[in-house]
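Asks: sequence-free structure coming up:
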RNA sequence: GUCCCCGUAGCUCAGCUGGACAGAGCAACGGCCUUCUAAGCCGUGGGCCGGGGGUUCGAAUCCCUCCGGGGACGCCA
């Protein structure tokens, strides 16, 4: 319609321009500005050497309105053209939502495979707040991508090899020997968490107190194998109680054992990206814009974590994902450039790898920062957090802020089940709607057949606002997926809940006007469905009663 | 020193592929429960969008620079 007017204006010589600029038709923030707004007149002002408002007037005059559900067109502000649609399109929404139910918000299938790897905590201790945020963000993002039409797989990379495991084993061994009556020094940089002692007790229960008598390597093997398995099981259980389940738990050790690391190293060497210096072997990541090169093979012959990670990522691409997303803590940001460089060196397009860096969590208790350190064992663990504030509040809190933003998590505040906690605000909206239906059932009222309902009874501003908001949901999912912005969904559902609460306080659903009551019951049902589905994306439950 | 994130209302933050008067929650103050859950609603006050330059018809949004806070710069992961 706009383009038609532009061409018409050009051919009549009313506006001079070479090419139609890339103008936008968008939904304005303010509803006074119509359902859609177009900025083309402002963009053309310069080239056409005319005032934007003048251009807009010419265009509006020439627009062919027939065949479009446009009620009126206004020119406003500096030269925006605002379109006001009639309401017919809004009244299509309830049918769509009602028929889609749990699937409302899902976009069309894209036939693209995307993998999201997140948490991937070291299996050497409890999950801490950083892991928890990564879990909430990663899982929510995976949910968003599924609804955006991707074929999604969730993966946990188990760092069950390398130096950390050696230190872990040292610590376990020392604890074991101490607890079985041997005078052994605890390693200086060992893991001091109390949970290790519990694990050692379990080892004693299973293998007895006489592992000291075995050859050292055999003893360490038994301890390490048992401890790792127990820790991984523990992590799986904790994440499950956080609403997260993975498609694959990928073992770093397997890369070492099946020769993949060597193979990738040789591949890179042949391509000329590996060189020797100071006794070690380096990857030339500066060739891909990194600040400095990175060791992949230590002077002692052991591959570094980075080397294993290269092999791991090659494995990911070999598995045929179109898009690979890693959720990392911001402390890994220095790793991004060389990882992408390595992907490129291996011959894959680094644009297929996205790394979502999330800023760290600061934990507060009564206004004071709680230090987090696995070494000293003073962490607040994820399962303690879930016990304290509940899965729903925790997941909502972690995902509410942009990943780019530091997260201040105040334990005292989150523990309070009060109005300060936004998750209750949304859940309350859902429970309230359910309550309306309970009340209706008690009075013998049920939702009328969808085709018997006259939706155009809904004319109140609050009602139309809810309809517009619900109509936005699929697009909101698409934007959140494209921009890797899980917090958008938290904000979306807060907005929708606010609109519902406002409606609820101004109008009654159950009333004497039968046609209006039917229409409002349907409005409530599709609102409930949308809140339910949006909370589902966040991994938060939608209670029927509170 | 180099790199990344942040700096918006008293507090915590959203808005950042430039657009119409800068938004929300909490806190403060004032209203609303004889009818569907007051964990709610309605209203009031509160902002050199860290400072300064630049690009643009137009900048919280893009660029440069400075300041402040956090983080990363290991043959750790």
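Replies: Here it is on my side, so go on. It should be emphasised that the depicted structure is a prediction, and the values quoted were computed from it without experimental measurement.
Asks: For residue A:184, which non-adjacent residue is closest in space?
Replies: Distances taken as C-beta to C-beta, 6 or more residues apart in numbering place residue A:177 nearest to residue A:184, at 4.3 Å, with adjacent residues excluded. Every C-beta, even on glycine, is put in place using the N, C-alpha and C of the backbone.
Asks: In a helix, the one you found, correct?
Replies: Yes: assessed with DSSP: H, G, I helix; E, B strand; the rest coil, residue A:177 lies in a helix.
Asks: That one reaches residue A:212, doesn't it?
Replies: Yes: at 6.3 Å, residue A:177 counts as touching residue A:212 under the criterion of C-beta atoms under 8 Å.
Asks: ok, those two, which is more surrounded?
Replies: More crowded of residue A:177 and residue A:212, by other C-beta atoms under 10 Å: residue A:177, with 19 against 14.
Asks: Enumerate the residues of the stretch 251-400 of chain A near RNA strand B.
Replies: Listed as neighbours of RNA strand B in the stretch 251-400 of chain A under the rule C-beta under 7 Å from any atom of the strand: A:277-280, A:291-292, A:295, A:298-300, A:304-306, A:330-335, A:357, A:359-360, A:400.
Asks: If any of these are buried, put those into a PyMOL selection.
Replies: To isolate the buried ones among those in PyMOL, judged by 16 or more other C-beta atoms under 10 Å, type:
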select buried, chain A and resi 295+304+306+335+357+359+400
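Asks: tell me how far the ends of stretch A:351-362 are from each other?
Replies: End-to-end distance for stretch A:351-362: 31 Å, by C-alpha to C-alpha, to the nearest Å.
Asks: in it, what's buried?
Replies: Using 16+ other C-beta under 10 Å as the test for burial, stretch A:351-362 gives A:352, A:353, A:354, A:355, A:356, A:357, A:358, A:359, A:361.
Asks: which phi and psi does the last one have?
Replies: Residue A:361 adopts backbone torsions of phi -100, psi 130, taken as degrees, to the nearest 10.
Asks: Tell me how many other residues surround the nearest residue to it once chain neighbours are set aside.
Replies: In space, residue A:361 comes closest to residue A:129 once its chain neighbours are excluded; the distance is 4.1 Å by C-beta to C-beta, 6+ apart. Residues near residue A:129, counting by other C-beta under 10 Å, number 23.
Asks: The one helix or strand residue A:268 maps to - contacts with which helices or strands?
Replies: Secondary structure assigned from DSSP states H and E places residue A:268 in helix A:260-270. For helix A:260-270, the packing partners by 3 or more C-beta pairs under 8 Å, 6 or more residues apart in numbering; DSSP states H and E come out as strand A:294-297, helix A:305-318.
Asks: would you turn those into JSON lines with mean pLDDT?
Replies: Converted to JSON lines, those look like this (pLDDT from 0 to 100):
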{"stretch": "strand A:294-297", "mean pLDDT": "96"}
{"stretch": "helix A:305-318", "mean pLDDT": "96"}
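Asks: Would you mind putting the ones you listed into TSV with distance to residue A:162 alongside?
Replies: Formatted as TSV, those follow (distance: least, C-beta to C-beta, whole Å):
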stretch	distance to residue A:162
strand A:294-297	13
helix A:305-318	6
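Asks: residues of stretch A:447-461 that come out buried?
Replies: Within stretch A:447-461, the residues that qualify as buried are A:448, A:453, A:455, A:457, A:458, counting by 16+ other C-beta under 10 Å.
Asks: Need the distance between the two termini of that stretch.
Replies: Counting by C-alpha to C-alpha, you get 23 Å between the two ends of stretch A:447-461.
Asks: Next to RNA strand B in this structure, residues from the stretch 401-546 of chain A, please.
Replies: Counting by C-beta under 7 Å from any atom of the strand, the stretch 401-546 of chain A comes close to RNA strand B at A:401-402, A:404-408, A:417, A:419-420, A:422, A:424-425, A:428, A:431-432, A:434-436, A:438-439, A:479, A:485, A:487-488, A:491, A:494, A:498, A:501-502, A:504-510, A:544-546.
Asks: Out of these, list just those in helices.
Replies: Members of those lying in helices (criterion: DSSP state H): A:422, A:424-425, A:428, A:431-432, A:434-436, A:438-439, A:479, A:487-488, A:491, A:494, A:498, A:501-502, A:504-506.
Asks: Sort out which of those residues are buried, if you could.
Replies: Using 16+ other C-beta under 10 Å, the buried ones in these are A:422, A:424, A:428, A:431-432, A:434, A:436, A:479, A:487-488, A:494, A:501, A:504.
Asks: from the residues you listed, which two are the most distant?
Replies: Farthest apart among these by C-beta to C-beta are A:436 and A:479. That separation is 30.9 Å.
Asks: could you point out where the stretch 51-200 of chain A is predicted with low confidence?
Replies: A:51, A:66-67, A:77-78 (pLDDT under 70).
Asks: Show me where it has its strands.
Replies: A:70-76, A:80-85, A:113-117, A:151-158 (DSSP state E, counting those that start in this stretch).
Asks: Of those strands, which is nearest residue A:25?
Replies: strand A:80-85 (8.0 Å).
Asks: which residues does the most centrally placed residue in chain A contact?
Replies: In chain A, the centroid-proximal residue (C-alpha atoms, centre = their mean) is residue A:141; its distance is 2.6 Å. Applying C-beta atoms under 8 Å, 6 or more residues apart in numbering, we find residue A:141 in contact with A:116, A:118, A:325, A:327, A:356, A:484, A:486.
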